[in-house]
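Chemist: fold the following and give me the result.
(one chain, ligands or ions: 1)
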Amino acid sequence: MSAAPAIDVTGLTKRFGPKTVVDGFSIQVRRGQIYGFLGPNGSGKTTTIRMLCGLLLPDGGSGTCLGFDIVREAWQIKRRVGYMTQRFSLYEDLSIKENLDFVARLYGLPDRPARVAAALDRLGLAHRRDQLAGTLSGGWKQRLALAACILHGPELLLLDEPTAGVDPKARREFWDEIHALAADGMTVLVSTHYMDEAERCHRICYLAYGRLLADGTVEEVVRASGLRTWYVAGPDARIAALARELAGRPGVEMVAPFGAALHVSGSDRARLDAAIAAYRDEPELRWRESGPGLEDVFIHLMNGVRDQFAPAAGKAAAAAGPARRAAP
Ligand SMILES: Nc1ncnc2c1ncn2[C@@H]1O[C@H](COP(=O)(O)OP(=O)(O)OP(=O)(O)O)[C@@H](O)[C@H]1O
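Modeler: Predicted structure coming up:
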């Protein structure tokens, strides 16, 4: 495996009309790494991923993907990339095997039957090979789409929200497969709105309004946020009232209900502690301090930036309200 990074880009910028949808994006991705792209809808994840691999020309910035220049050698990159788009794009009235055979023909692959058989085996699709794609459940469709992506032996996989709407067991199996591919040296860029999937990435980045707000391992991103979180549990009615009482108090930046518990977060520890002090001895409440969850961190990051895409100033404030859950 080469020691050179799979992706090394600086200052990538993309404008659509007057809108700068990706603004000075820089990143390095090692080979064999699973890199998660997170951020609210429309934050520029897909646009960034497409520029990284030569599918879209940047308006500014430079860099390499798989050792090729993303502007001048985009065609070299495209041949080495497998791209799984958000929508299932295979033929529903063809069987699994026919779909894969069709894709193998599109790529002009020489040893088609062997390649199709290998992909069927690898993704556990062999026993369903004759089933029409249109009759597959969401999880199996995603498996088929993944099989189609790896048929030509790409070095880099781009997965754009690959498991949206797929049940947890199928998602877990899909991710096991992604890890197996990465262990074989495949580099994977994956966009997702699921926190559990973010935690399965080697590294993640968080984009909002086209800007990179955080980048690192999950642990690094959580630590860098500087956020403190108290978890408080108690009777439902008391917790609901407490959420209202705490929201907006000085030092409390976010209050988020999770079942019969609240996450109460702030970045100034002393002010946060002062805000909750009066409630700490309430007998029916159980308090515990811990690191924030990734979702808390992402909402915190969002609250700190201005929505430059909003038509009027009001939208930024709307993104910053307390007691908000993450964006998926
Ligand atoms: N071809 C295009 N022409 C004009 N605007 C575009 C084009 N492609 C994307 N955009 C705009 O760029 C912004 C970023 O879109 P992008 O799809 O990259 O975001 P995203 O983070 O992937 O969103 P989602 O999570 O909803 O998939 C959006 O405002 C989108 O409307």
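Chemist: relative to its centre, which residue of this structure is most distant?
Modeler: Pro283 (40.2 Å; C-alpha atoms, centre = their mean).
Chemist: sec struct for it, please.
Modeler: coil (DSSP: H, G, I helix; E, B strand; the rest coil).
Chemist: now it: phi and psi?
Modeler: phi -60, psi -30 (degrees, to the nearest 10).
Chemist: now swap in Tyr279 and tell me
Modeler: phi -100, psi -10.
Chemist: leaving out chain neighbours, which residue sits closest to it?
Modeler: In space, and not counting its chain neighbours, Tyr279 is closest to Leu285: 6.2 Å by C-beta to C-beta, 6 or more residues apart in numbering. Backbone N, C-alpha and C define where each C-beta goes, glycine included.
Chemist: for Thr187, same thing?
Modeler: Ala6 (4.0 Å).
Chemist: same question, Gly60
Modeler: Thr13 (3.6 Å).
Chemist: ok, now Leu90?
Modeler: Leu90 sits nearest to Asn99 (C-beta to C-beta, 6+ apart), 4.6 Å away.
Chemist: any figure for the gap between that neighbour and Lys141?
Modeler: Note on Asn99: its distance to Lys141, by C-beta to C-beta, to the nearest Å, is 10 Å.
Chemist: and for those two, which residues touch both?
Modeler: Listed as contacting both Asn99 and Lys141 by C-beta atoms under 8 Å, 6 or more residues apart in numbering are 90, 133.
Chemist: list the contacts for Leu12?
Modeler: Contacts of Leu12 by C-beta under 8 Å, 6+ apart are 22, 24-26, 48, 51-52, 58, 60-61, 63.
Chemist: specify the beta-bridge partners of it.
Modeler: Leu12 has these beta-bridge partners by DSSP bridges: Phe25.
Chemist: how near is it to Leu262?
Modeler: Leu12 is 39 Å from Leu262, by C-beta to C-beta.
Chemist: with Trp287 instead?
Modeler: For Trp287, the distance to Leu262 - C-beta to C-beta - is 10 Å.
Chemist: more crowded one of the two?
Modeler: Leu262 (26 against 16; other C-beta atoms under 10 Å).
Chemist: from memory Gly210 sits against Arg15, does it?
Modeler: No - Gly210 is beyond contact range of Arg15, at 9.4 Å (criterion: C-beta atoms under 8 Å).
Chemist: between those two, which has more neighbouring residues?
Modeler: Shown here are Gly210 and Arg15; by other C-beta under 10 Å, Gly210 has more neighbours (24 against 14).
Chemist: so what's the predicted local confidence for the more buried one?
Modeler: At Gly210, the predicted lDDT confidence score is 91.
Chemist: what's the answer for Arg223, then?
Modeler: pLDDT at Arg223 comes out at 93.
Chemist: OK, contacts around it?
Modeler: Gly291 are the contacts of Arg223 under C-beta under 8 Å, 6+ apart.
Chemist: CA-only coordinates of the helix or strand hosting it, as PDB, when you get a sec.
Modeler: Using DSSP states H and E, Arg223 sits in helix 218-224. C-alpha atoms of helix 218-224 as PDB (Å, rounded to 0.1, in the frame of the first residue of the first chain):
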ATOM      1  CA  VAL A 218     -14.500  11.300  16.600                       C
ATOM      2  CA  GLU A 219     -12.600  11.700  19.900                       C
ATOM      3  CA  GLU A 220     -10.600  14.600  18.600                       C
ATOM      4  CA  VAL A 221     -13.700  16.400  17.200                       C
ATOM      5  CA  VAL A 222     -15.600  15.900  20.500                       C
ATOM      6  CA  ARG A 223     -12.600  17.200  22.500                       C
ATOM      7  CA  ALA A 224     -11.900  20.200  20.300                       C
END
